[in-house]
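Asks: Kindly generate the corresponding structure for this input.
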Amino acid sequence: MSEIGQDEVFGVVPLEVLASMPGLDFVRGVFAGTLPQPPIMQTIAPFDCTAEAGQVVMHSVPGLRHYNPIGSVHGGYAATLLDSAMGLAVHSMCPRGSGYTTLEFKVSFIKAMTEGTGVVKTEGKTLSFGRRAATAEARITDAQGRLLAHATTTCLVFELLKA
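Replies: Have a look, this model is predicted:
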């Protein structure tokens, strides 16, 4: 479990370190704060993050800083949460020496979020993981379990370092 606060370190993990770890260990290290948090996490401030093989859960709170010009939380906030959860779920399945990148993702916005929405839970789950491709899905729900947004992705799986 991790709560990202002002004392957290943000940055990019060196490729050699990333390649030396199984994906699940890497994701858990990011969540635990033993590895730098990706800079994008500053914008969504996740907390109570957990990872199992093929599955991640993150909590966050949408706020006024996430608003668009029409007075609700920008779709980019939800898209960032969903893309992160799906990507990390896929990453948790990567063996040592391999990584992934998103090829495409589709988001469906179901219910608007506001600063009054409160804590939202984003759950990402790997659907398939092969030698070259992986698919995943994610859902954002509010504290009452209502679906706010969902997404699917296809990722390319590849070797990180060539000998």
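
Asks: what comes into contact with stretch 51-58?
Replies: Stretch 51-58 has contacts (Cβ atoms under 8 Å, 6 or more residues apart in numbering) with 24, 27-28, 31, 46-50, 81, 84-85, 88-89, 92-93, 121-126, 129. Where you see a C-beta, it was placed from the backbone N, CA and C, and this is true even at glycine.

Asks: what helices or strands is the helix-or-strand element of the chain with minimal mean pLDDT leaning on?
Replies: Least confident helix or strand of the chain, by mean pLDDT, DSSP states H and E, is helix 41-44 with a mean of 92. For helix 41-44, the elements it packs on are helix 75-91, judged by 3 or more Cβ pairs under 8 Å, 6 or more residues apart in numbering; DSSP states H and E.

Asks: before we move on, the earlier item: going by neighbour count, which residues in the least confident helix or strand of the chain are buried?
Replies: For helix 41-44, burial by neighbour count (16 or more other Cβ atoms under 10 Å) applies to Met41, Ile44.

Asks: go on, stretch 101-113?
Replies: So, applying 16+ other Cβ under 10 Å, buried residues of stretch 101-113: Phe105, Val107, Phe109, Ala112, Met113.

Asks: how close does the nearest residue to the last one once chain neighbours are set aside sit to Ser20?
Replies: Once its chain neighbours are removed from consideration, Met113 has its nearest residue in Val73; the separation is 3.9 Å (Cβ to Cβ, 6 or more residues apart in numbering). When Cβ to Cβ, to the nearest Å is applied, the distance between Val73 and Ser20 equals 38 Å.
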